[in-house]
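[1] Below is the sequence, then the predicted model.
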Amino acid sequence: MTEGLIDHATFTELQETVGADFVGELVETFLEEAPKMLAELRTALVAREAETFRRAAHSLKTNANTFGALALGNQARALEQGGLPNDATALDALDVAYAESANALRALARG
């Protein structure tokens with residue numbers, strides 16, 4: 001389930017560095033905050049606020065990469081670097097990537 005979604009070496013290294021229990025807490029915080037970042041991306045797109053869009057994409061990218069959710073991080077990076085898209089197609093794909101990554105992170109955090 002987590003293959004291809006989460007880089008296990010990154011996730012394991014994080015657990016070894018800060019402890020599995022703390023990583024579980026960090027994952028829960030990310031799962032609470034990421035939907036807010038996704039909503040901020042949509043709001044910024046509608047309002048055509050490029051800097052707000054870029055910052056939200058950057059935050060999502062950074063957080064995803066911390067846990068080894070590299071596919072999600074890569075999609076967020078593409079949005080960060082690509083500027084405001086013309087429509088929400090990329091955000092729809094990002095929502096799917098987030099949902100898949102969230103499920104994988106929950107599973108890994110539980111052990």
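    On my side now, so go ahead.
[2] Give me the buried positions along stretch 95-104.
    Under the neighbour-count criterion of 16 or more other C-beta atoms under 10 Å, stretch 95-104 has 97-98, 100-102, 104 buried. Every C-beta, even on glycine, is put in place using the N, C-alpha and C of the backbone.
[3] Among the residues you listed, name the ones in helices.
    When helices are assigned by DSSP state H, the members of the buried residues of stretch 95-104 inside them are 97-98, 100-102, 104.
[4] now the strands for the chain?
    With DSSP state E as the criterion, the chain has no strands.
[5] Geometrically speaking, which residue is the centre of it?
    Centrality entry for the chain: nearest residue to the mean C-alpha point is residue 64, 3.8 Å, by C-alpha atoms, centre = their mean.
[6] which residues sit in contact with it?
    34, 70, 72-73, 76, 101 (C-beta atoms under 8 Å, 6 or more residues apart in numbering).
[7] coming back round to it: quick check, nearest of the ones in helices among the buried residues of stretch 95-104 to residue 81?
    Of all those, residue 81 sits closest to residue 97, with 16.4 Å by C-beta to C-beta.
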